[in-house]
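Peer 1: Mind folding the following:
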Amino acid sequence: QVQLVESGGGLVQPGGSLRLSCAASGLTLDYYNIGWFRQAPGKEREGLACISKSDGRIYYADSVKGRFTISRDNAKNTVDLQMNDLKPDDTAIYYCAADPGDQLFRLCVPKYYDYSGQGTQVRVSS
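Peer 2: Numbering: from 1, shown residues only. You can find the predicted model right below:
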C-alpha cells in the first residue's frame, strides 16, 4: 500500500522559515517524479518544486524560486521542502506527490501525480 505522509507545517510569521518532510512507504521515491504542491482555498493545486526521475533536474515555480529548496534522501525514502522568507500568500495546504511517468513534460503538472499525501497546513501570518 502506497503512503505519503507530510509533516512540518504550522503557523509562522512573514519572513520566517519552515521545513516540510514527506515520508514514503510502499514505493521508492527514486523511481518516481516527486514533488511538492500546494492548494489554497478557492485555488487550483499548484506545483512548486519537483525532481525528475529521469535526469534529476529540479523545477521550481516562479512564485517560490530562490526561497524554497527541495531535496530527496534516497536512504530514508523522504523528500523535504525547505521554505524561507515565507509570505502570507504562501498560506495553503502543502502536499507531496509522486508520478510514475518519466517524461519531462509531466514534471510538476499536478494531474500526472497519481500518489499524494493528506497534506500539511502552512499558515503565514503576523
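Peer 1: Find the centremost residue of this structure, please.
Peer 2: For the chain, the residue nearest the mean C-alpha position is residue 36 (1.3 Å; CA atoms, centre = their mean).
Peer 1: Looks like residue 22 contacts residue 5 (just checking).
Peer 2: Yes: with contact defined as CB atoms under 8 Å, residue 22 reaches residue 5; the gap is 6.9 Å. Using the backbone N, CA and C atoms, a C-beta is placed for each residue, glycine as well.
Peer 1: helix, strand or coil for residue 105?
Peer 2: helix (DSSP: H, G, I helix; E, B strand; the rest coil).
Peer 1: quick one: it from residue 84, how far?
Peer 2: 29 Å (CB to CB, to the nearest Å).
Peer 1: And the two? Which one has more around it.
Peer 2: residue 84 (14 against 7; other CB atoms under 10 Å).
Peer 1: That one and residue 67 touch, don't they?
Peer 2: Yes: under the criterion of CB under 8 Å, residue 84 makes contact with residue 67 at 5.2 Å.
Peer 1: where do the strands sit along the chain?
Peer 2: 3-7, 10-12, 18-25, 33-39, 46-51, 58-60, 68-73, 78-83, 92-99, 115-116, 120-124 (DSSP state E).
Peer 1: Residue 109 is nearest to which of those strands?
Peer 2: strand 46-51 (6.4 Å; CB to CB).
Peer 1: That closest one vs strand 92-99, what angle?
Peer 2: Angle of strand 46-51 versus strand 92-99, following axes from the mean of the first three to the mean of the last three CA atoms, to 10 degrees, is 50 degrees.
Peer 1: Which strands border strand 46-51, and is each parallel or antiparallel?
Peer 2: strand 33-39 (antiparallel), strand 58-60 (antiparallel) (DSSP bridges).
Peer 1: ok now the first one, how far from the chain's centre?
Peer 2: Using CA atoms, centre = their mean, to the nearest Å, the mean C-alpha position of strand 33-39 is found 4 Å from that of the whole chain.
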